[in-house]
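**Q** got a sequence here, can you build the structure:
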Amino acid sequence: MARVLGITGGIGSGKSYVSRFFESLGCPRYDSDSRTKMLYQQDKGLLSALADLLGPGILGPEGLNRKAMASIIFSDRELLEKVKQLVYPYVMGDFKKWKRWKRGVVLFESAVILENDYVRSFMDRTLVVTAPLEVRIGRGMERDGCTREEVEQRLRNQCDDSERIRKADFVIENVEGTDLKAEAEEIISFMKAVKR
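**A** Numbers count the residues shown, from 1 in each chain. The predicted model follows:
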């Protein structure tokens with residue numbers, strides 16, 4: 001049976017970049033962002049539930065219009081929470097199917113692991129990836145092609161690093177000079193050695 005390492009961090013922390021070091025050491029990775037996007041296009045039950053909550057204007061010819069949804073939920077914290085609570089069971093159901101035949105240490109990469117007890121209950125251990133705030137803002141702007149204000153708005157809707165670090169089992173600061181491969185090797189060894 002696989003042991004699950006949840007990898008999390010805020011916008012621009014470099015979760016995916018750090019995850020690739022674990023993948024290079026043989027850990028399969030479930031990228032919850034890309035899998036959720038797939039569910040947004042393919043899962044008719046999820047799409048129907050989202051349209052009921054947010055209105056039919058969020059649906060396009062190819063499934064969910066994510067920009068339309070983002071414009072509604074990122075300025076309304078309460079609605080954002082409702083969407084998350086609706087989506088999580090679909091994502092975790094998909095994750096359970098994905099990991100069914102996996103062995104060793106597998107990765108579950110998501111920004112929301114430590115903010116949600118339901119999602120966290122699927123993890124054996126959690127890793128927080130951090131980086132200085134200005135670095136994160138710059139990465140977010142570059143990656144998503146958005147303004148500083150848009151990145152800062154998203155950051156306000158996430159818990160801060162100090163809260164994540166307090167709840168995490170491991171922390172990696174993703175800055176120049178950090179030996180990410182060595183950090184990944186150490187965490188994998190720990191997870192393989194510790195009994196459930």
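**Q** secondary structure class for Ile113?
**A** With DSSP: H, G, I helix; E, B strand; the rest coil as the basis, Ile113 sits in coil.
**Q** all the helices of this structure, residue numbers only.
**A** Secondary structure of the chain (DSSP state H): helices at 15-24, 32-42, 44-54, 66-73, 77-99, 117-120, 133-144, 148-156, 161-167, 180-193.
**Q** packing partners for the shortest one?
**A** Meaning helix 117-120. Judged by 3 or more Cβ pairs under 8 Å, 6 or more residues apart in numbering; DSSP states H and E, the packing partners of helix 117-120 are helix 77-99. All C-beta spots, glycine's among them, are computed from the backbone N, C-alpha and C.
**Q** show me the shaky parts of this protein.
**A** Flagging of the chain using pLDDT under 70 yields the residue ranges 157, 195-196.
**Q** quick one: the most centrally placed residue in it from Thr147, how far?
**A** Geometric centre of the chain, nearest residue: Ser110, 1.3 Å, by Cα atoms, centre = their mean. The gap separating Ser110 from Thr147 is 25 Å, by Cβ to Cβ, to the nearest Å.
**Q** walk me through the domains of this protein.
**A** 1-28+103-196, 40-101 (automatic domain parsing).
**Q** got the ones you listed as CSV, with distance to Ser34 columns?
**A** As requested, the domains of the chain are arranged in CSV below (distance: least, Cβ to Cβ, whole Å):
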stretch, distance to Ser34
domain 1-28+103-196, 9
domain 40-101, 10
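**Q** returning to what we had before: out of the helices of the chain, which one sits most buried?
**A** Compared across the helices of the chain, helix 15-24 shows the largest average neighbour count, a mean of 18 (mean count of other Cβ atoms under 10 Å).
**Q** got the angle between that one and helix 133-144?
**A** 80 degrees (axes from the mean of the first three to the mean of the last three Cα atoms, to 10 degrees).
**Q** follow-up on the earlier one: ok, the residue nearest to the centre of the chain - contacts?
**A** By Cβ atoms under 8 Å, 6 or more residues apart in numbering, the contact set of Ser110 is Gly6, Ile7, Thr8, Ser32, Asp33, Val119.
**Q** go on, Lys84?
**A** Lys84 neighbours (Cβ under 8 Å, 6+ apart): Val112, Asn116.
**Q** change it to 10 Å
**A** Lys84 is in contact with Ile73, Val91, Val112, Glu115, Asn116, Tyr118, Val119, counting by Cβ atoms under 10 Å, 6 or more residues apart in numbering.
**Q** which of these lies closest to Ser19?
**A** Nearest to Ser19 among the contacts of Lys84 is Val112, at 15.3 Å by Cβ to Cβ.
**Q** would you confirm that the closest one contacts Met123?
**A** No. If you go by Cβ atoms under 10 Å, Val112 and Met123 don't touch, sitting 11.7 Å apart.
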